[in-house]
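K.L.:
mind folding the following:
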Amino acid sequence: MNPLIRFFRTKIYTAVFLLVVILLIGIAGYKIISGYSWVDAVYMTVITMTTVGFGEVVALDDTSKIFTIFLILASVVIVGYALSIITEYILSKNNIEELKHKKMQKKIDSFKNHVVICGYGRNGKQAARKLSAHNKQFVIIEKNKSIEERLQMDRVPYVIGNANEDEVLNLAGVDRASCFISALPNDADNLFVVLSARQLNSKINIISRASSESSYDKLKFAGANNVILPDKIGGDHMASLVVVPGLMEFIDNLSIVGKSNINIEEVAVEKLFNTRRERTIKDLDLRRKTGCTVIGYKDENGEYIVNPEAELRLAANSKIIVLGRPEQIEALNSEYDID
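P.N.:
Reported below is the predicted structural model:
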């Protein structure tokens, strides 16, 4: 439940409780002090609390008058409090969504080097799930307001709006983001969004979905660093399961996200040693220290080397790709204090 709604309900429950208490005190007081019957005691209490101005059932003595004065003063305060709470709740109920969005926007504004996902369809939702498993901050941009309830149920930060508008991209923090994923179903929309994101942040890493192979070059030209063709990948994967089923089954069992099932990790060499002193893969001795095996190397220019030699010198701003069982990856992260 929304904290604001819970807050108002708590105050309403408190107001109702106080009304019941003062009602019971009034009934008991008139019954004991004035000797009224139960019906007359309830009647006197109600007309006193509501200040309707009807006359007394029986003339009041001095003690009853003093009690009535107390009851009137207490009732004015409690009834006034209850009315103010109910009125505030009714007026604020219409603004709850706005307040929720303001709170959400405040959270998004605190993000830095996060991922912006445009579109919360099949691909966008899958990307969000993977990023969440890897504890990576992200923001969803979704144009379809009917999906907002699903976004709230999934408890993900989001912005409702058209990603073609710079204002919406700025609300998602594209200028501060490290990566942008455009997962819209329409290639033309992806193209426009990629152009806008690249214009707002020249350094951001952009990954775009494409339905048609003819859109690949256009999206790359627009500024996408990577273009993914889900249909092509799916077809290639199915064909590979026919040609090399054992190999594909092994690859499918590898995991790169999650807290306890990671098999592959990409690590910047700066996290492993001081790059002012040159070292080789052999010098790291990761196999002995952690059980992990180095299966790839990405140099400072972004070029990959598969199964690098042990004598390969590790340059600054480069990365190594390691393979291991989940406990070996955990040992690597623990050994070098990698988050």
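
K.L.:
mind giving me the packing neighbours of the strand or helix carrying residue 32?
P.N.:
Assigned by DSSP states H and E, residue 32 belongs to helix 3-33. Counting contacts by 3 or more Cβ pairs under 8 Å, 6 or more residues apart in numbering; DSSP states H and E, helix 3-33 packs against helix 38-50, helix 62-93, helix 96-109. (Glycine included, C-beta is placed from N, CA and C.)

K.L.:
pick the most buried one from these.
P.N.:
With neighbours taken as mean count of other Cβ atoms under 10 Å, the helices and strands packed on helix 3-33 reach their highest mean count in helix 38-50, at a mean of 17.

K.L.:
which residues does that one contact?
P.N.:
For helix 38-50, the surrounding residues in contact (Cβ atoms under 8 Å, 6 or more residues apart in numbering) are 22-23, 26-31, 34, 36, 53-54, 56-58, 68, 71-72, 75, 79.

K.L.:
quick one: low-confidence parts of the stretch 51-200 of the chain?
P.N.:
53, 91-96 (pLDDT under 70).

K.L.:
the stretch 201-339 of the chain now?
P.N.:
Regions of the stretch 201-339 of the chain meeting the criterion pLDDT under 70 cover residues 255-262.

K.L.:
all strands of it, in order?
P.N.:
All strands of the stretch 201-339 of the chain, identified by DSSP state E, counting those that start in this stretch, fall at 205-209, 226-228, 264-268, 279-280, 293-298, 304-306, 313-314, 319-323.

K.L.:
thinking again about what came up before, could you dump the helices and strands packed on helix 3-33 to a markdown table with distance to residue 335?
P.N.:
Formatted as a markdown table, these follow (distance: least, Cβ to Cβ, whole Å):
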| stretch | distance to residue 335 |
| --- | --- |
| helix 38-50 | 72 |
| helix 62-93 | 53 |
| helix 96-109 | 34 |
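
K.L.:
hmm, back to that, from the contacts of helix 38-50, keep the buried residues only.
P.N.:
Buried members of the contacts of helix 38-50, scored by 16 or more other Cβ atoms under 10 Å, are 22-23, 26-27, 29-31, 34, 36, 56-57, 68, 71, 75, 79.

K.L.:
identify each buried residue in the helix holding residue 32, please.
P.N.:
Under 16+ other Cβ under 10 Å, the buried positions of helix 3-33 are 4, 8, 11, 15, 18-19, 22-23, 25-27, 29-31, 33.

K.L.:
what's the closest of those to residue 120?
P.N.:
Set against residue 120, the nearest of the buried residues of helix 3-33 by Cβ to Cβ is residue 4 (24.5 Å).

K.L.:
hey, what's residue 207 bridged with?
P.N.:
Beta bridges link residue 207 to residue 181, residue 226, judged by DSSP bridges.

K.L.:
about what we covered before: need the winner for burial among the strands of the stretch 201-339 of the chain.
P.N.:
strand 205-209 (a mean of 22).

K.L.:
for that strand, packing partners?
P.N.:
Contact here means 3+ Cβ pairs under 8 Å, 6+ apart; on that basis strand 205-209 packs against strand 179-182, helix 187-200, strand 226-228.
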